[in-house]
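Asker: Here's my sequence, what's the structure:
(one chain, ligands or ions: 1)
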Amino acid sequence: KMLERRKGPHPPGPPGLPLLGNLLDVPDDPTWMAYIRWGEKYNSDVLRLNVLRDNIIIVNSLEAATDLLDKRSAIYSDRPKMPMLNDLCGFGWNLAFRPYDNTWRNGRKVFQHELGPQVVRRFRCLTEQATHRFLRSLLHEPAAYMDHLRHMAGYGVMRIAYGIEVAEKNDPYIETVARVAEAIVEVCRPGAYLVDIMPFLKHVPEWFPGAKFQRDAKVWRKLMTDQHDKPFEFIKERMISGDAPDCAAKSLLESLESGDNTVNYTEDDIKFALGSMYSGASDTIVSTLGSFILGIVLNPAIQTKAQEAIDRVCPDRLPALADKDNLPYIDAIVNESLRCNPVIPIDIPHRLTADDVYRGYYIPKGSLVLANTWAILHDEKTYPDPLCFNPDRFMKDGKLDPAVREPDAAFGFGRRICPGKHMAHEIMWIAVACTLAAFSISKARDEHGREITPSGEYDVGFACYPKLFVCDIRPRSQEHEALIRATTDEL
Ligand code: HEM
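Answerer: Take a look at the predicted model:
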């Protein structure tokens, strides 16, 4: 208390109760709106909550998020301690959960080596092939567009990471990751602080008998190890037999063998970083592209405009990533899909590793800092009429307007910023460009011929998804259908 008095007051926030602190104040969905309301009530873009023993700092503005998470990243880059998940179940290898340590640092180097803004272009051909498969699936079974998006993201990432071609259904690698994701939700349930800061985990029985938990942890540990081990074993065997396909794992293992002394990561670092790719990429890309389809269904004029641009640049073929500079409107659509309903509306918590003072407020070591991404991406000064899905806000005179900030906040902040960002952009760009080039997306009709308008609502969880909606997706013409079918030739 003395120390706190000397260092200044905490940032403002709801007063809370003794012992429980603000546990009961933490609102139900959507959390980010409640944080905005508190920001208005306490007239501050930096708020403090005290939940059980955790000091939680909510940051509602880009300015404060940049000041703390970017500019002071040396002390704002740790993750919450998660003994149950990381230690007991052994998920600590995953880059997203990893404490701010050397293994984490090396994992980031591994990502940089393969998925940096320029190097990632090496995988353009694979990315395009994943998209073409998606187009063919969409032709075949348009109603299952979300399943196809999921398969496309998984297929693209597993090929780029390990040279593995995952199966359309019941793929063992994908099933492992899906079971890991379920296990994480389980693990985070019983009284763990994650429940307190991510209230959607709250709607579950409180008590978990200890013995069962130990048994589960053992199963989960095996699963979580399989996630990084199994695909890595595959590529290593292929390297020994000399028929490894071009992929990130191959080039990383080769860089390790080359004895190049600028390479200072280990084989385990490579394994853990690659193992983090699928889980980082899947929900995020699928949800954002789901938002894209929703945005088009609700705003048909965007599709018309995009198709005019595409038809000018590639009148008789599908777009390729090489067309990127000539189709800025597609970038604008991707930007708006990331901005309007960000898949991770509250950033993954960063943990502060030293006492700090900001604008006269004391922020103690160990605080968890949560950037309110949704608030930042709906700031009216930067994005007027923020609830409106409007890619044109990013455009000026037929080009991207450099004066309008890209929605980078969707990828987080500081040293923890998403290392898959460039790959995500490439995958989403080509998916949007090719889908609009080849298909016409519109509202579905009911049996009386009346249009069905999607609600535009989202399922709220750690990652937010548009609620499943029906729509009509069909090739723009027979010529377009032929272009889609012709993509089988490339295999
Ligand atoms: C639309 C696509 C994506 C979005 C919106 C997104 C968003 C995010 C966000 C918000 C974070 C947390 C950043 C922070 O703590 O401040 C993150 C971290 C991460 N993302 Fe992504 N991501 C996307 C795609 C990807 C892809 C394609 C990959 C892998 C190839 C990936 C891998 C990761 C990893 C490994 C982390 C943890 C980084 C760390 O803790 O140091 N993400 N992402």
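Asker: only C-alpha atoms for contact and neighbour calcs from this point on.
Answerer: OK.
Asker: check which helix or strand covers the most centrally placed residue in the chain.
Answerer: Centroid-nearest residue in the chain: residue 284, 3.4 Å away (criterion: Cα atoms, centre = their mean). Under the criterion of DSSP states H and E, residue 284 resides in helix 267-298.
Asker: ditto for residue 131
Answerer: Element membership for residue 131, per DSSP H and E: helix 124-140.
Asker: quick one, the helix or strand just after that helix and helix 267-298 angle?
Answerer: Note on helix 124-140: by DSSP H and E, the next helix or strand toward the C-terminus is helix 145-162. Computed by axes from the mean of the first three to the mean of the last three Cα atoms, to 10 degrees, the angle separating helix 145-162 from helix 267-298 equals 150 degrees.
Asker: So which elements touch helix 145-162?
Answerer: helix 124-140, helix 210-240, helix 248-257, helix 267-298 (3 or more Cα pairs under 8 Å, 6 or more residues apart in numbering; DSSP states H and E).
Asker: export those helices to JSON lines and tack on mean pLDDT and distance to the ligand?
Answerer: JSON lines is the format used below for the helices and strands packed on helix 145-162 (pLDDT from 0 to 100; distance: least, Cα to the nearest ligand atom, whole Å):
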{"stretch": "helix 124-140", "mean pLDDT": "96", "distance to the ligand": "11"}
{"stretch": "helix 210-240", "mean pLDDT": "80", "distance to the ligand": "13"}
{"stretch": "helix 248-257", "mean pLDDT": "93", "distance to the ligand": "11"}
{"stretch": "helix 267-298", "mean pLDDT": "95", "distance to the ligand": "4"}
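Asker: how about those helices, which one is nearest residue 63?
Answerer: Checking the helices and strands packed on helix 145-162 against residue 63 by Cα to Cα gives helix 267-298 as the closest, at 24.6 Å.
Asker: What segments of this protein are strands?
Answerer: Using DSSP state E, the strands of the chain run over 46-51, 54-59, 350-351, 356-358, 361-363, 368-371, 395-396, 399-400, 439-443, 458-459, 465-466, 471-475.
Asker: Could you dump the ones you listed into a markdown table with distance to residue 487 added?
Answerer: A markdown table is the format used below for these (distance: least, Cα to Cα, whole Å):
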| stretch | distance to residue 487 |
| --- | --- |
| strand 46-51 | 51 |
| strand 54-59 | 47 |
| strand 350-351 | 44 |
| strand 356-358 | 55 |
| strand 361-363 | 56 |
| strand 368-371 | 42 |
| strand 395-396 | 32 |
| strand 399-400 | 30 |
| strand 439-443 | 15 |
| strand 458-459 | 34 |
| strand 465-466 | 29 |
| strand 471-475 | 14 |
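Asker: Of the ones you listed, which is nearest residue 174?
Answerer: So among the strands of the chain, strand 465-466 is nearest, using Cα to Cα, at 19.3 Å.
Asker: Okay, now the sheet partners of that closest one, with direction.
Answerer: Strand pairing for strand 465-466, determined by DSSP bridges: strand 458-459 (antiparallel).
Asker: What are the contacting residues of the partner strand?
Answerer: 464-467 (Cα atoms under 8 Å, 6 or more residues apart in numbering).
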